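# using only what follows, build the 3D model:
(one chain, ligands or ions: 1)
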Amino acid sequence: MTIHHGELEGGVSDEALLDLLTAPTFPVAKHGTKRRDSELDPLLLAAAAASGPHVTRNHYAHDFFPAVGDPRAEGAWDWTKWRGDDALSRQERKPRLKYVSRQKPRRQRLRELGIEANEEKENGPAREATDPLRCAGNLPPSVPKASSSSTSTAVSSPATVPSPDASRSVPATPAIEVKCMARTRVPTPHGPVFLHLYHNNRDNKEHLAIVVDPAQFLEDIPHRAPPIRSRSLDAVWSESETEVERITRGAYVGRLSQTSQVPSTPWEHTNQMTDNVPSPLVRIHSECFTGETIGSMRCDCGEQLDEAIRLISQPITIPSSSPALPPVVIPGRGVVVYLRQEGRGIGLLSKIRAYNLQDLGHDTVTANLMLGHKADERGYEIAGAIMRDLRMGTERGEGVRLLTNNPDKVHALEQEGIRVVERVPMVPRSWQRRQAKYAAQRNAIDIAVSLGMEDPHVHGLTMIGGGEVYGEDLDKYLRTKVLRMGHMLPLLPQDPDTI
Ligand SMILES: Nc1nc2c(ncn2[C@@H]2O[C@H](COP(=O)(O)OP(=O)(O)OP(=O)(O)O)[C@@H](O)[C@H]2O)c(=O)[nH]1
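Numbering: from 1, shown residues only. Below is the predicted model:
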């Protein structure tokens, strides 16, 4: 069976329109009047065409919704003023659904960027960031923290490179700094992990790293690969820091117990990689409350998180250098960097609204655009800094094997100086199961077992409802990612009977 684009949620028109609008050359009417300004922003047009209501080129940040957080804004819904659903309140509410601009006047925005309004043409460089299919550095404006930089990992990110156009003053973005504030052992269904909590100087979110490296518990055995440890955590934070303080924040070695309390020392690991040890598996994962906490089957985020920890925790077989010797098996080794970028960076509130637009028939990309967001608003600078703090994919030359289908992530990490030696696909469990059925039309369970899946309920019962997400909503979501966001997954024929 062939998959037609037109079968996607949102219909042919949304996708065809977006393709047309984001094509390299924009069609111009033969006898049209020449525009005085530059070409129209495809994002704006796509949002306008998809949503219907008026959106103007200078106000594309307008929202369907009034400013919820600002009760003084015209049309804002302030629930504290809710007095019941009587006729009067209904009348009061009626004219309230209006668009409210969240954008300051352009002149003021340019001034804040240090750019004189007359120097910058409309739709000049700033327009680049509005490309809906671009994965942009979207982190909020930097607020440098007064932190002891001696203990944090500071690396010049590409954002700090001065503008080649020296005549224009571009505000300098301070080098990104991350600091691991605490680390602890967490037992999971896949084995123990070390949860690392990071602070940074770009946003006020607590990003996390889930380090799988149980070899650190095995004391008297020579390690084949260096332990995965945070440089900023193992640093000495102050001269007056006590051993108990160090241990309490997680700067210890081995297994912490009533009888074993060994504080770590600042980074001094000398053990090198043994030959043939594969590069560690790494996943950069973005927060998804719905998929990970309440087991939503609109997406596969919860399953992906579970599957990533499972895959990384698998023991590694190292072939021996001599045929006479048996292969060596070592514990799994790798990291999940967990970024607090809910809803691909648009936040939970907007994601919930986007779900309602999806129920109206729009796909996940169009729903974001209709709400005035980009298709993807995430950034990976913080992930890069965390990886550098853990010395992953940088200094030892081993590189990382990245668990993803998203080409943007590979590119973004490489931009951050992380060496990605291999992309390892994340095939949804339900697709693996169905693929197994299609492949041979035989006993699907046997095939799934031979693919290493075994019983999906055995592994990772970390989501409410079980170990595999499936269903119509999920299929639509995954197909949109493949067809509209360039995710590298082989599409399966649609077959509701096999779900
Ligand atoms: N805006 C929006 N975000 C969503 C939706 N469904 C899931 N997300 C968010 O998408 C993010 C996960 O992104 P994915 O595209 O699944 O994964 P990815 O990280 O880009 O790619 P992979 O590495 O291949 O999994 C999380 O932040 C989720 O909260 C949706 O319908 N709309």
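# in the protein, which helix or strand is least confident?
The least trusted helix or strand in the chain, going by mean pLDDT, DSSP states H and E, turns out to be helix 87-93, with a mean of 49.
# which element follows that one toward the C-terminus?
helix 106-112 (DSSP states H and E).
# mind listing the strands for the chain?
153-155, 176-188, 191-200, 207-212, 252-253, 262-263, 281-286, 316-318, 328-330, 334-339, 400-403, 420-424 (DSSP state E).
# then the longest one to PDB, C-alphas only?
In PDB, the C-alpha atoms belonging to strand 176-188 read as follows (Å, rounded to 0.1, in the frame of the first residue of the first chain):
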ATOM      1  CA  ILE A 176      27.400  29.300  28.100                       C
ATOM      2  CA  GLU A 177      28.100  27.900  31.600                       C
ATOM      3  CA  VAL A 178      26.600  24.800  33.200                       C
ATOM      4  CA  LYS A 179      27.100  23.500  36.700                       C
ATOM      5  CA  CYS A 180      26.100  20.200  38.000                       C
ATOM      6  CA  MET A 181      24.500  21.100  41.400                       C
ATOM      7  CA  ALA A 182      23.800  17.500  42.600                       C
ATOM      8  CA  ARG A 183      24.000  13.900  41.600                       C
ATOM      9  CA  THR A 184      22.400  10.800  43.000                       C
ATOM     10  CA  ARG A 185      21.900   7.100  42.300                       C
ATOM     11  CA  VAL A 186      18.400   6.200  41.100                       C
ATOM     12  CA  PRO A 187      17.400   2.500  40.700                       C
ATOM     13  CA  THR A 188      15.300   2.000  37.500                       C
END
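# still on that earlier bit, mind putting the strands of the chain into CSV with mean pLDDT, distance to the ligand and mean neighbour count?
No exception for glycine: its C-beta is placed from N, CA and C like everyone else's. Converted to CSV, the strands of the chain look like this (pLDDT from 0 to 100; distance: least, Cβ to the nearest ligand atom, whole Å; neighbours: other Cβ atoms under 10 Å):
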stretch, mean pLDDT, distance to the ligand, mean neighbour count
strand 153-155, 54, 23, 20
strand 176-188, 94, 19, 19
strand 191-200, 95, 17, 21
strand 207-212, 98, 13, 24
strand 252-253, 94, 32, 20
strand 262-263, 92, 36, 14
strand 281-286, 97, 3, 25
strand 316-318, 89, 22, 16
strand 328-330, 88, 26, 14
strand 334-339, 98, 8, 25
strand 400-403, 96, 7, 22
strand 420-424, 95, 9, 15
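# for Leu369, which of those strands is the nearest?
Proximity to Leu369, assessed across these by Cβ to Cβ, is greatest for strand 281-286 (18.6 Å).
# name the strands paired with that closest one and say parallel or antiparallel.
As defined by DSSP bridges, the strand partners of strand 281-286 come to strand 334-339 (parallel), strand 400-403 (parallel).
# hmm, who's touching it?
Applying Cβ atoms under 8 Å, 6 or more residues apart in numbering, the contact partners of strand 281-286 are 301, 304-305, 308, 311-312, 332-339, 341-342, 344-345, 378, 380, 383, 387, 392-393, 400-404, 409, 413, 424, 426.
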